[in-house]
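>>> one predicted model, sequence on top.
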Amino acid sequence: MARLAGDSAAVGTQYAVLIAVNRYEAWNALRYPVQDAREIREILSRRYYVDRFIELYDGDATKAGIIRLFNQLISTTRPED
């Protein structure tokens, strides 16, 4: 676990959660949300320190999938994350 220089604050695991949907059942498809999210991931991975990327796209980015993801994060993350 890293510590900030001169400070007692612990720095835990850094997460980035990316959720994007191109295809919807009830609406017209969008063109670039998934592509944009993947580009953001690349920018974050090149310019910033992120330990873990979690990505939900299209069929995985359902209400149930998002709730499941956040429940998992609630049970696995620590206050310093």
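Received the coordinates, thanks.

>>> can you find the helix or strand of this structure with the lowest average pLDDT?
Taking mean pLDDT, DSSP states H and E as the measure, the chain has strand 2-3 as its least confident helix or strand, at a mean of 57.

>>> wait, what's in contact with Phe53?
With contact taken as Cβ atoms under 8 Å, 6 or more residues apart in numbering, Phe53 is in contact with 15-16, 18, 41, 44-45. Quick note: C-beta positions are derived from backbone N, CA and C, even for glycine.

>>> 7 Å instead, please
16, 18, 41 (Cβ atoms under 7 Å, 6 or more residues apart in numbering).

>>> ok, the helix or strand hosting it: who's next to it in the sheet?
Assigned by DSSP states H and E, Phe53 falls within strand 52-57. Paired with strand 52-57 in the same sheet, following DSSP bridges, are strand 15-20 (parallel).

>>> then the strand it pairs with to PDB, C-alphas only?
Listed next in PDB are the C-alpha coordinates belonging to strand 15-20 (Å, rounded to 0.1, in the frame of the first residue of the first chain):
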ATOM      1  CA  TYR A  15     -10.200   1.800 -10.000                       C
ATOM      2  CA  ALA A  16     -11.700   3.200 -13.200                       C
ATOM      3  CA  VAL A  17     -15.200   2.100 -14.100                       C
ATOM      4  CA  LEU A  18     -16.300   2.600 -17.700                       C
ATOM      5  CA  ILE A  19     -19.900   2.000 -18.800                       C
ATOM      6  CA  ALA A  20     -21.100   2.600 -22.300                       C
END
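
>>> circling back: list the neighbouring strands of the following helix or strand past the least confident helix or strand of the chain plus their orientation.
The first helix or strand that comes after strand 2-3 along the chain, using DSSP H and E, is strand 10-11. The strands beside strand 10-11 in its sheet (DSSP bridges) come out as strand 2-3 (antiparallel).

>>> alright, that wraps it up for me.
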